[in-house]
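S.K.: from the sequence below, what's the structure:
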Amino acid sequence: MVKTGISTASFFDKLMLEDAPELFHRWGVVHAEYYLNSWSEYAQDFVKLLKKRSDDAGIRVVAVHPMSLQFEPLLFTPHPRQREDAEKGYAAVLKAGEMLGADHYVMHGPVVLNGVAKNLQLERLAPIFDRLSDMAEDHGLHLTLENVSYSIMPTPEIGQRIHELMTRPLYHTLDIKQSLRAGVDPFAFIDALGEHIIAVHACDCDRSGNTARYCLPPNGSVDFRAITDALLQKGFSGAVLLEAYSDMFDTNEELRDAFYALDRQINSQEEER
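M.R.: The predicted model follows:
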């Protein structure tokens, strides 16, 4: 059975992070990604509280995912002092992940915006990814670079090039909605990088009209079962996590039902696999 869960990013501005474990317990959700919203949520006293509530609720924390713009772009700046300060934030989140027993850290990386991106040469950035991967492993975590339409890896070809330039393995979180937003079929990421994909951010998309509309499962046309099957053929053993935008639903129960629908689509008729 494929592990399924929810990212607390789905509750942005709707539910405090520390209240998520008890809600997940009531819903029967076991696996979770914790989206750390702010610097106060990196603090060890807060993380200890979150850890206790997670343990009490039987939650397995799969990943930690900070709000990337708080420090991640400066991890890749050419200026050494900026990088050093940014690494303090990165290290704090890694420590939080270690305390929570997480498997991996989800990174967006440098932001690429037309007309303002500078110094994004992959040859310069690859050694930085090596260093950040080493830092993550020091805390027992894998660093995963997520495909994000406005960040460094909107296409699988860029991911492949980063791998070629690095001296150590890099892992990935596959974000389905970001892949579609970048105009890339999610299966292209699986074909190119599937052996390195260890988590999935799942969100549905309705493409029946003139424009794509992102939505909760099962209201779109994304075939989550086919995506999961393709990943399993690449050796996937991670979790598929529902990550929605908080304006997609009005009540928490809608998100709960979307999770149930996602889990049914992925794990129904398990014996056929």
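S.K.: next helix or strand past the lengthiest helix in the chain?
M.R.: Across the chain, the longest stretch assigned as helix under DSSP state H is helix 80-100. Where DSSP states H and E defines the elements, the next helix or strand beyond helix 80-100 is strand 104-107.
S.K.: for that next one, name the packing helices and strands.
M.R.: strand 60-66, helix 80-100, helix 122-138, strand 142-146, strand 171-175, strand 197-202 (3 or more CB pairs under 8 Å, 6 or more residues apart in numbering; DSSP states H and E). (Glycine included, C-beta is placed from N, CA and C.)
S.K.: which one of those lies closest to Pro73?
M.R.: helix 80-100 (8.0 Å; CB to CB).
S.K.: now do that closest one, average pLDDT.
M.R.: Looking at helix 80-100 alone, the average pLDDT works out to 97.
S.K.: what sits against Ile6?
M.R.: Going by CB atoms under 8 Å, 6 or more residues apart in numbering, Ile6 touches Phe24, Val29, Ala32, Glu33, Leu241, Leu242, Glu243, Leu255, Phe259.
S.K.: adding neighbour count and pLDDT, write those residues out as JSON lines.
M.R.: JSON lines is the format used below for the contacts of Ile6 (neighbours: other CB atoms under 10 Å; pLDDT from 0 to 100):
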{"residue": "Phe24", "neighbour count": "22", "pLDDT": "98"}
{"residue": "Val29", "neighbour count": "24", "pLDDT": "98"}
{"residue": "Ala32", "neighbour count": "24", "pLDDT": "98"}
{"residue": "Glu33", "neighbour count": "26", "pLDDT": "98"}
{"residue": "Leu241", "neighbour count": "30", "pLDDT": "98"}
{"residue": "Leu242", "neighbour count": "28", "pLDDT": "98"}
{"residue": "Glu243", "neighbour count": "25", "pLDDT": "98"}
{"residue": "Leu255", "neighbour count": "23", "pLDDT": "98"}
{"residue": "Phe259", "neighbour count": "24", "pLDDT": "98"}
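S.K.: mind checking which of those are in helices?
M.R.: Using DSSP H, the contacts of Ile6 in helices are Phe24, Leu255, Phe259.
S.K.: OK, contacts around the second one?
M.R.: Looking back up the chat, that one is Leu255. Contacts of Leu255 (CB under 8 Å, 6+ apart): Ile6, Ser10, Phe11, Leu216, Leu242, Ala244, Phe249.
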